[in-house]
Each structure stands twice: as structure tokens, then as C-alpha cells.
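J.: okay, sequence plus prediction incoming.
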Amino acid sequence: MPIAIVLLSGGIDSTTALYWAMKQEFTILSITCKYPSRPAKELEAVRNIKQCAGVNCIEVELPFLRTAAEIMKENPSLLGNAKIPEGFIPARNTIFYSVATYFAEIYNASFIVAGHIETDSIGFPDATPRFFQLMEQLINETKLKRDNDSLNGIQLVMPFLHRTKQDVLKIGSTLGVPYELTWSCYYDGNEPCQRCVQCSERTDAFAKAGLKDPQLSNQPVKRMSGKES
Ligand SMILES: [Zn+2]
């Protein structure tokens, strides 16, 4: 079976991408990047999800990585006078996809799978379809050559790149994605804060998908099953 590296963050989109990849009958190796501003609850989510899904996950330490806001708080003279969106990390996806490529080379993977959705590119030039197209080109220009190489090289697979978060939830509900294990909130806590941008996008997506967020419910979760829509 072809090997797929799956970038897993513990949120709705990447967890759905993991379950989508499992459905494709790839051999899965997930990776997650650890950096200081990442909520501990996200990492806990990743560990619970990989256990539930029965896949391996490599935790990659990136201790130098800071958000633009953190960098400017420490030294306001850095980053010039760039207009920076909330939550921005300089060159984040260039770094993450370089890490994924490193493991794809080691394990001779055919695919790198991630859960980016259409709105991820708003204000984030490293999450646009063009960025991924250029990144894939770069990866394959520099890829190790092997006798049994497929003509397609390493492919970046983004099944939801032109979908909304509510679309992702609808697809995920048919794949049995354990959304109760995911974490979307920017902050740590026993419960999601329900006030940050991530929480409000999550609430909005569940409402638009006509689904109940199992993370907010004390009732046992009944999973749907069936074919992907
Ligand atoms: Zn929140």
C-alpha cells in the first residue's frame, strides 16, 4: 500500500483528512509539530486521535517557532511594519511541509495529506492553492531518485482545499471521525472558551452542517456510518 504522511493538528480539518486518508487504504504515518504557543489541549487531542485511529504519530519539536505577535511583543522592531493577520507564524507552512517532506523521503511516501480548507488562505499566503502547487513542484525537483519511483513523485493531497468547514463536518460524519476528541480553541482549558475565533468558527460550522458538536455534549455520541458523500 502507498505510504501517506498526514499532517495532524488535532482540529476538525486535519482529523477529517486523517480519516479520509485511512479510507483510501494508504499506510499512514501522521506527524504533528510542537511549538511553544500551541495549546497543550491540541497535543492531547492529537494523542487521543492517533490512538483512536490506530495510527503512528511522530511529534516534531520546533521550539524556535513563535507567532508574529509573540515575536513583536519581545522585540517590536522585528518584522518591519508588515501587516500581520491574527495567529500568523512566519513561513509556517513552508516549515511544516519541509518537515513532512523530510519524513516522506525517509519513509518513501507517495503522498503528503493535509486538511486545509478554502478559507485558510484568507490573509495567509502560505495556505493558497498556488502555495501548495509550488511546494509540490519544489519537493519533486529536489526529491531523491529511486529505481522504482512513480512518475507522480510525492503528491500533496488536500481533499478539502475547495470546501468549507461545514462540508468537512458532513464528510467526516460519514467517515466516523471522533470529533469529541478534537480541539479547536486557541486556548487551554477544561472546556473550549467559546469566545475565540476558532471556537466561533467551529460552532458556526456545526450549526450550518446541522450537526451537534459532541465536544459540548454530555450525551453519548452516536456516529453515523456509510459511504463518503
Ligand atoms: Zn476558544
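T.: Right, received. Where do you want to start? Residues are numbered from 1 along each chain as shown.
J.: switch to C-alpha atoms for all contacts and neighbour counts from now on
T.: OK.
J.: and residue 206, how many neighbours does it have?
T.: Neighbours of residue 206 under the rule other CA atoms under 10 Å: 19.
J.: quick one, phi/psi of it?
T.: phi -60, psi -40 (degrees, to the nearest 10).
J.: okay, it: pLDDT?
T.: We have a pLDDT of 97 for residue 206.
J.: which residues touch it?
T.: Each residue near residue 206 by CA atoms under 8 Å, 6 or more residues apart in numbering is listed here: 166, 169, 212-213.
J.: could you pick out the buried ones from those?
T.: Buried members of the contacts of residue 206, counted by 16 or more other CA atoms under 10 Å: 166, 169, 213.
J.: next one: the residue lying closest to residue 131 once chain neighbours are set aside, what pLDDT does it get?
T.: Nearest non-adjacent residue to residue 131, counting by CA to CA, 6 or more residues apart in numbering: residue 125, 7.1 Å away. For residue 125, the pLDDT comes out at 89.
J.: residue 125 - how many residues pack around it?
T.: 13.
J.: how about the one 3 residues further on?
T.: The local packing of residue 128 (other CA under 10 Å) involves 18 other residues.
J.: for this protein, which residues score under the pLDDT cut-off?
T.: Filtered on pLDDT under 70, the chain yields the residue ranges 150-151, 217-229.
J.: who in the chain is up against the ion?
T.: Selection of the chain residues close to the ion by CA under 5 Å from the ion yields 185, 192-194, 196, 199.
J.: residues contacting residue 4?
T.: By CA under 8 Å, 6+ apart, the neighbours of residue 4 are 21, 26-29, 104, 109-113.
J.: wait, is it part of a strand?
T.: Yes: secondary structure of residue 4 (DSSP: H, G, I helix; E, B strand; the rest coil): part of a strand.
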